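Peer 1: Below are the sequence and a predicted model; questions follow.
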Amino acid sequence: MKRYISMITIAAIMGGLGVSGSAHHSTAMFNWGKEIPMKNATVERWSWTNPHTFLYVTVPTADGTERWAFEGMSPSHLSRTGWNRHTLVPGQKIDLTYYSLRDGRKGGFNMSVTLPDGRTLRQLPARASSDNASR
């Protein structure tokens, strides 16, 4: 009987580990699927952090500037698609595309960045950008 209880306990622990390891937050906070362009943004900060990167920019407005914040994929994912911790630097002028936040705040999910040299880097492959299930 002791062996049976031990086996059940081990199975329960192993099952619990698998469930917690696969958890991930939803993308429901973004208007997923409709890329919005943003021109002439200035990089304020590029946070190369896990579990997601963050890009903070300022953009000119009629009244001065606005600060925007964009979530991105993980450093591990981005490093496989040409990004690195030095891809974006403060003061750099960029164009970008993003999926807006549903609540209207100034931010969203960053989809692509066009660098001053004309190169465009995407967070996700073009085919996956409309496929929420691929995240």
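Peer 2: Sure, I can see it.
Peer 1: For this structure, name the helix or strand with the lowest mean pLDDT.
Peer 2: Ranked by mean pLDDT, DSSP states H and E, the weakest helix or strand in the chain is helix 2-21, scoring a mean of 49.
Peer 1: In the protein, where is pLDDT below threshold?
Peer 2: 1-26, 127-135 (pLDDT under 70).
Peer 1: Give the burial count for Glu71, as a bare number.
Peer 2: For Glu71, the neighbour count with other Cβ atoms under 10 Å is 21. Glycine gets a C-beta too; all of them are placed from N, C-alpha and C.
Peer 1: What distance do you get for it to Val89?
Peer 2: Here Glu71 is placed at a distance of 19 Å from Val89 (Cβ to Cβ, to the nearest Å).
Peer 1: any idea which helix or strand comes after the least confident helix or strand of the chain?
Peer 2: strand 36-47 (DSSP states H and E).
Peer 1: and that next one, what does it pack onto?
Peer 2: strand 54-61, strand 64-71, strand 93-100 (3 or more Cβ pairs under 8 Å, 6 or more residues apart in numbering; DSSP states H and E).
Peer 1: who does the second one pair up with?
Peer 2: By that I understand strand 64-71. strand 54-61 (antiparallel), strand 107-114 (parallel) (DSSP bridges).
Peer 1: how near is Lys34 to Thr53?
Peer 2: Lys34 is 21 Å from Thr53, by Cβ to Cβ.
Peer 1: For those two, indicate the residue with more neighbours.
Peer 2: Using other Cβ under 10 Å as the criterion, Lys34 and Thr53 rank with Thr53 on top: 23 against 12.
Peer 1: buried ones in stretch 90-104?
Peer 2: Applying a neighbour-count criterion of 16 or more other Cβ atoms under 10 Å, one finds Gln92, Ile94, Leu96, Thr97, Tyr98, Tyr99, Ser100, Leu101 buried in stretch 90-104.
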